[in-house]
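In: No sequence on hand, only this structure:
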Ligand code: ZN
Ligand code: ZN
């Protein structure tokens with residue numbers, strides 16, 4: 001299926017209105033790969049239509065990104081110029097919204113010196129720390145959507161289809177998953193958000209002391225901090241505008257206690273970390289920290305991720321997704337975290353969202369840590385859900401209540 005103008009308009013409108021929910025007179029910063037040029041044009045049209053002013057598109061070109069890693073010396077890669085930072089920080093400080101069109105080639109940096117990538121990534125995270133805080137704290141509206149690109153589509157279908165067919169099929173999958181194929185996608189999203197809010201509210205009322213995970217590949221206990229908050233579906237920015245940070249989204253998630261994670265977990269889908277894949281890995285946690293790890297593929301990449309800082313060896317997010325989510329039903333591995341994380345229960349190494357703690361967005365890093373909320377330069381989701389996963393909530397009194405049984409919601413309302 002080649003997407004029609006009507007479908008592209010519908011998708012762009014959905015991203016602009018349900019995604020970032022751009023407000024009258026608000027500035028919009030769009031990050032997009034050059035391959036998404038056509039779709040970005042639709043998005044810009046819809047943004048102006050919705051009243052945006054000062055719409056800026058920041059194009060990226062993966063061929064140039066790879067060349068940069070190949071040719072630039074370390075001292076350049078480790079140095080992020082102030083003007084690059086200012087451009088983004090200035091935008092969010094002035095109350096602008098951000099839309100990311102995310103469609104990376106999962107193998108982009110394969111074969112590039114892992115240390116080079118790790119050091120450059122760390123430098124970028126450090127330089128963009130202030131910007132990231134605007135995002136992680138929902139100070140402004142932000143959203144992520146994906147569109148097919150050649151390299152990405154080829155990876156998903158592993159050259160079983162020619163590139164053109166792969167792209168067409170991926171469009172079809174995306175439209176189904178983000179509900180663009182429905183008559184009224186916005187109404188469908190509102191209904192979907194309601195379902196997620198019900199689960200979120202149920203778990204918030206419970207205030208479990210810990211969650212217990214059990215399956216063939218997981219044996220893990222995750223303590224939850226006092227006054228943790230579950231989130232899911234839409235969020236609300238400082239200006240009061242509600243927005244959907246991820247399209248698609250199927251998860252409800254909260255922050256774990258950074259010192260109360262014990263046991264082992266294997267991933268169930270590959271992790272795409274900055275243009276490299278990490279596959280079949282296992283992490284062992286003790287008192288919140290990864291004390292042992294192994295990976296069949298990309299072990300060095302995983303090691304660099306864990307070495308980023310103190311917080312990168314700890315968890316910052318636990319997310320629940322039923323195994324029957326529409327994305328799982330596609331039976332595809334997307335090699336794209338936005339899609340794969342919404343097909344599977346997942347955890348994230350690194351920083352927590354301060355919004356997952358009551359009043360968390362007003363606390364300093366030190367204060368967050370004291371309350372058990374992890375901080376780090378990285379936040380990397382990895383998938384660990386499966387058809388045989390059971391998740392139990394442990395009450396403060398020590399009772400165990402089912403939340404997910406055999407991969408599906410088992411909450412008793
Ligand atoms: Zn998540
Ligand atoms: Zn995450």
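Out: Okay, I see it. Everything quoted here is computed from the prediction, not taken from an experiment. Ligands and ions are numbered 1, 2, ... in the order given.

In: The stretch 201-350 of the chain against ligand 2: which residues are in contact?
Out: Residues of the stretch 201-350 of the chain lying near ligand 2 by CB under 5 Å from the ion: 317, 348. C-beta: built from backbone N, CA, C; applies to glycine.

In: mind listing the helices for this protein?
Out: Under the criterion DSSP state H, the chain contains helices at 5-14, 37-49, 62-71, 74-77, 82-93, 114-127, 129-136, 150-157, 163-177, 185-206, 299-306, 326-329, 337-340, 365-370.

In: residues of the second one that come out buried?
Out: In this case it means helix 37-49. Neighbour counts using 16 or more other CB atoms under 10 Å place 39, 40, 42, 43, 44, 45, 46, 47 of helix 37-49 among the buried residues.

In: just the fourth one next, same as before
Out: Neighbour-count burial for helix 74-77, with 16+ other CB under 10 Å as criterion, is recorded at residue 77.

In: Now do it: everything it contacts.
Out: With CB atoms under 8 Å, 6 or more residues apart in numbering as the test, helix 74-77 has contacts from 68, 69, 116, 119, 120, 123.

In: any idea how far the first one is from residue 61?
Out: Just to be clear, that refers to residue 68. Distance from residue 68 to residue 61, counting by CB to CB, to the nearest Å: 10 Å.

In: What about the closest residue to ligand 2 within the stretch 151-300 of the chain, how many residues nearby?
Out: The stretch 151-300 of the chain approaches ligand 2 most closely through residue 253 (7.1 Å), counting by CB to the ion. A total of 26 residues lie near residue 253 under the criterion other CB atoms under 10 Å.

In: how about it, what does it touch?
Out: Going by CB under 8 Å, 6+ apart, residue 253 touches 230, 231, 232, 317, 318, 319, 320, 353, 356.

In: so residue 242 makes contact with residue 21?
Out: Yes. Here residue 242 reaches residue 21: they are 6.2 Å apart, a contact under CB atoms under 8 Å.

In: Counting neighbours around each, name which of the two comes out higher.
Out: More crowded of residue 242 and residue 21, by other CB under 10 Å: residue 21, with 20 against 13.

In: wait, what's in contact with the more buried one?
Out: So residue 21 contacts 97, 141, 241, 242, 243, 244 (CB under 8 Å, 6+ apart).

In: What are the buried residues along stretch 263-270?
Out: 263, 265, 266, 267, 268, 269, 270.

In: Just give me the closest of the residues you listed to residue 1.
Out: residue 269 (25.4 Å; CB to CB).

In: ok, and the closest non-adjacent residue to residue 197?
Out: Of all residues not flanking residue 197 in the chain, residue 233 sits nearest, at 5.9 Å (CB to CB, 6 or more residues apart in numbering).
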